[in-house]
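Asker: I would like to see how this sequence folds:
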Amino acid sequence: MICQRYKDMKTKFLKLQNWLIVSLMGALGLTSCHCSKELPEAEEAKVPAVKDRGEMRLMYGVPTMEFRIRGEVKNPKGKPVEGIRVNMLERGMEVKDGELQGDPKRVEEWLDGTSVATDGEGRFEINSSGRPQEQVRLLVRDIDGKENGDYRNQVLEMNVTPEDMERTGDNRWNQGVFNKQVKIKLKKK
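Answerer: Numbering: from 1, shown residues only. Okay, the predicted model is just below:
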């Protein structure tokens, strides 16, 4: 009898304690934040290429990493190519034969909204942030037709190594900056 009363009191105390902690965290704004990239479940089912994206909730204390990728794009003869589009692919995105897979309209919207173009000297720069990754993939696309040459789309895969990391953060929540310089040589179609 005494043992059961003790268990009941302990349970009530723990529930009260948890409620107080959650209320305090909510008052301090430490509940969660969410990513600006929301994709409703109905739409997510239509886009297999981004099945892993969805709406991502970043809870307090989830590690993040910044990505700074600079590069040069040149043709097979070593001359810079202007107007080449470069995208950093997100987790779960599938590329087959140089083309991003999924609903064509959604894929095109994503590609247009996240790509950077090479300048007159074939240079580009991508600045992004997100969850830490072991590998970063770039999709390189020639979208201007034969204007600057006719090149195949390609995917460049880069492993995230300690040599490429700048430890600017606390190494717990902020994993630092992946800083990479790349040279991309295009291939003719």
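Asker: how far is stretch 96-106 from where the chain is centred?
Answerer: How far stretch 96-106 lies from its chain's middle: 17 Å, per Cα atoms, centre = their mean, to the nearest Å.
Asker: Pull up the distance across that stretch, start to finish.
Answerer: 16 Å (Cα to Cα, to the nearest Å).
Asker: cool, and stretch 71-81?
Answerer: Stretch 71-81 has its terminal residues 12 Å apart, counting by Cα to Cα.
Asker: Contacts for that stretch, please.
Answerer: For stretch 71-81, the external contacting residues (Cβ atoms under 8 Å, 6 or more residues apart in numbering) are 84, 86, 118, 120-125, 140, 142, 148-149, 151, 181-188. (C-beta placed from N, C-alpha, C; glycine too.)
Asker: tell me how far that stretch is from the chain's mean position?
Answerer: On the basis of Cα atoms, centre = their mean, stretch 71-81 sits 26 Å off its chain's mean C-alpha point.
Asker: Out of the contacts of stretch 71-81, which sit inside strands?
Answerer: Within these, residues falling in strands by DSSP state E are 84, 86, 123-125, 140, 142, 181-185.
Asker: Buried ones among the contacts of stretch 71-81?
Answerer: Among the contacts of stretch 71-81, those that count as buried by neighbour count (16 or more other Cβ atoms under 10 Å) are 84, 86, 118, 122, 124, 140, 142, 148-149, 151, 182, 184, 186.
Asker: if we can go back for a sec, closest to Trp173 out of the ones in strands among the contacts of stretch 71-81?
Answerer: Proximity of the ones in strands among the contacts of stretch 71-81 to Trp173 (Cβ to Cβ) peaks at Glu125, which lies at 25.4 Å.
Asker: is the closest one in a bridge, and if so with what?
Answerer: For Glu125, the beta-bridge partners are Arg70 (DSSP bridges).
Asker: Hmm, it is touching Thr118, no?
Answerer: No - at 9.9 Å, Glu125 does not count as touching Thr118 under the criterion of Cβ atoms under 8 Å.
Asker: Now render the ones in strands among the contacts of stretch 71-81 as JSON lines, adding pLDDT.
Answerer: Formatted as JSON lines, the ones in strands among the contacts of stretch 71-81 follow (pLDDT from 0 to 100):
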{"residue": "Ile84", "pLDDT": "90"}
{"residue": "Val86", "pLDDT": "91"}
{"residue": "Arg123", "pLDDT": "95"}
{"residue": "Phe124", "pLDDT": "94"}
{"residue": "Glu125", "pLDDT": "95"}
{"residue": "Val140", "pLDDT": "89"}
{"residue": "Asp142", "pLDDT": "87"}
{"residue": "Gln181", "pLDDT": "92"}
{"residue": "Val182", "pLDDT": "93"}
{"residue": "Lys183", "pLDDT": "94"}
{"residue": "Ile184", "pLDDT": "92"}
{"residue": "Lys185", "pLDDT": "93"}
